[in-house]
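In: Could you work out the structure for the sequence below:
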Amino acid sequence: MHNFKNLLIVKGFDYKEFFVSQKENEWFIVNIKDIKKSLKEILKESFRNVNFGCQDLDERLLFYFIKFLFLFIKGEEKYFIDDQGRKEKFSFLKFLFIDTPLFILEIIFDLLLIVFSWFTLLIFSLIPQRLKKVNGNKKEIVYLRTDNFRGLQQGGSFTHFRGVVKGFDKLDYKIHYIGSEEIKVTELDFPKSIIPYAKKFDFPEIPEIYYNWRFISKAYKIIKKQNPLFIYQRHSIFNVCGVILSYLTKTHLILEYNGSETWVRQKWGGLLIFKRLCYFMENICLRKADLVSVVSQPIKNELLKQGISENRILVNYNGVDSEKFNPEIDSFKVRKKLGLENKIVIGISSTFGVWHGTKVLCRAVKSTIQQSKNLAIHFLFIGDGTLRLECERTIQESGMEKYVTFTGTVPFTEIQQYLSACDILVASHIPNSDGTPFFGSPTKLFEYMAMGKGIVASDLDQIGEVLEHKKTAWLVKPGDENDLVNGIIKLAKDKKLREELGKNAREEVVQNYTWEQNTKRIISSYLKIN
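Out: So this is what the prediction gives:
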């Protein structure tokens, strides 16, 4: 690490934008989640600049701990920076006389918050369900989105939101959205009530727990006035807003449950401090929701084991807007912009989650290029996320940089053009590390199918159920690098095959997996519980 003059610690920071005006080879970049691995080397070195990059300087999560670390890192200049280009210089005196006393006060507040939350939720868990109102003639729905704290607009969860809202609209149901940040839906306007997220906390998980009580107090008046047909909420970690608001307003709650957020945080998100409280809150949501809409059969099986009655569970796969995602979309501008003319483009759309298998695909790049030297193959990684930095390092270490492009975050309105620029689309998902079934329903899978492209995908639970080998996709063994390489090369060499697979996939998704069909199933199931 002695070749680096500067240190950049990142937490959700768009460092590629940062390096437009900086020389990347002069900076040592480390993700906050991987800081332990590099800590000894960092503390030994002397740097010219030490920066902590985040999405938003107003969100103070972990700032005190980073400032404490800054005391021991040798650097001439130390700054906190964010994606908006804002800069805040580290001051030892401010840390000692302002930050530290405030941190102590926060600890006291956090302890009181945890005690209050436990006590309140224990009482709520013992209260019997109230008889809910039946507004059979109303066609208004309140949609709660309590996890969009950082204003992100990308990824499968936001695709799902847009799809469901549009699906309800096509069925003439009106949405009133209540959330922490505004989410834009193209060509559709609907009432929105924004309840801002509290950002001035240093400890992880505390902001999410605190947000319940802030959200409930404000959303109650809105829902009471709105008197909707039902409340629809996308389940999020440390959140019981939906069930408490459902109880207070006597309104039915449909909980969209995409799997245990507690499990995901434990397995893929690092440290989970208040694990027992987290599981308790999730359990309350599942037991008190009137209908739980899940995206896969493995999730339903898990809920049945937990004692959730089968008549309150709807298995409802994700879907796609088959008009917005279609084979006729022009890819010329994107191919020209990225220098992909006359290339066979292998693409993956990803938020670089562990389960996406992007690391497996990165390792497969070198073998694919070496085994297909007569083909002009280029890999396109569309999106951004936690593992992007690690994936870029894998590509650099393998010497494959000229065969790979990382786009970074792409606006939702442009995703279709990027998918259209690909000849083959990859869904290289991997099994869960603890041996549990893969419970996901990847939205990108249905988008791939709607684009009419040749697909190489892992034969993994729902992916293998939706796709049929040699008919709608080329399925490979999950996590098997060699099988993935062989599948990609097979379709790269056989244009007729990939076009036939794409055509069949498009027909399948239009017939069975659109958002309108998804929302019809929700309404139908809701009517059965009344």
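In: Can you give me every residue that contacts Arg60?
Out: By Cβ atoms under 8 Å, 6 or more residues apart in numbering, the contact set of Arg60 is Lys199, Lys200, Phe201, Asp202. C-beta here means a position set from N, CA and C on the backbone, and glycine is covered the same way.
In: Please report how far it lies from Lys67.
Out: 10 Å (Cβ to Cβ, to the nearest Å).
In: for Asp56, same thing?
Out: From Asp56 to Lys67 the distance is 17 Å (Cβ to Cβ).
In: Pick out whichever of those two has more residues nearby.
Out: Lys67 (22 against 17; other Cβ atoms under 10 Å).
In: and the host helix or strand of the more buried one, what does it pack onto?
Out: Assessed by DSSP states H and E, Lys67 sits inside helix 63-70. Other helices and strands packing on helix 63-70, by 3 or more Cβ pairs under 8 Å, 6 or more residues apart in numbering; DSSP states H and E, are strand 46-54, strand 74-82.
In: let's see 10 Å
Out: Contacts defined by 3 or more Cβ pairs under 10 Å, 6 or more residues apart in numbering; DSSP states H and E place helix 63-70 against strand 6-11, helix 35-44, strand 46-54, strand 74-82, helix 92-94, helix 100-126.
In: and those, which one's lowest on average pLDDT?
Out: Among the helices and strands packed on helix 63-70, helix 35-44 carries the lowest mean pLDDT, a mean of 90.
In: Going by neighbour count, list what's buried in the helix or strand of the chain with the lowest mean pLDDT.
Out: Least confident helix or strand of the chain, by mean pLDDT, DSSP states H and E, is helix 15-18 with a mean of 81. Neighbour counts over helix 15-18 (16 or more other Cβ atoms under 10 Å) mark Tyr15, Lys16, Phe18 as buried.
In: what's the spacing between the second one and Ile348?
Out: To tie it back to what came earlier, the one meant is Lys16. The value you get for Lys16 to Ile348, if Cβ to Cβ is used, is 18 Å.
In: Equivalent analysis for the last one, please.
Out: When distances are taken as Cβ to Cβ, Phe18 and Ile348 turn out to be 24 Å apart.
In: what's the answer for Trp474, then?
Out: Counting by Cβ to Cβ, the separation of Trp474 from Ile348 is 15 Å.
In: and the residue lying closest to Leu229 once chain neighbours are set aside, what does it touch?
Out: Nearest residue to Leu229 in three dimensions, chain neighbours excluded: Lys138, at 4.5 Å (Cβ to Cβ, 6 or more residues apart in numbering). Contact analysis of Lys138 by Cβ atoms under 10 Å, 6 or more residues apart in numbering lists Tyr173, Lys174, Gln226, Asn227, Pro228, Leu229, Phe230.
In: any chance of the residues you listed in TSV, plus pLDDT, neighbour count and secondary structure?
Out: Below are the contacts of Lys138 laid out as TSV (pLDDT from 0 to 100; neighbours: other Cβ atoms under 10 Å; DSSP: H, G, I helix; E, B strand; the rest coil):
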residue	pLDDT	neighbour count	secondary structure
Tyr173	95	20	coil
Lys174	94	15	strand
Gln226	91	21	helix
Asn227	93	14	coil
Pro228	95	24	coil
Leu229	95	24	coil
Phe230	96	26	strand
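In: Would you mind listing the two of these that lie farthest apart?
Out: The distance between the two most remote of the contacts of Lys138 (Cβ to Cβ) is 14.5 Å, for Tyr173 and Asn227.
In: before we move on, the earlier item: which outside residues touch the least confident helix or strand of the chain?
Out: Contacting residues not belonging to helix 15-18 are listed as 8, 10, 22, 24, 27, 29, 31, 51, 53, 81, 83, 85, 384, 388-389, 392, 406-409 [Cβ under 10 Å, 6+ apart].
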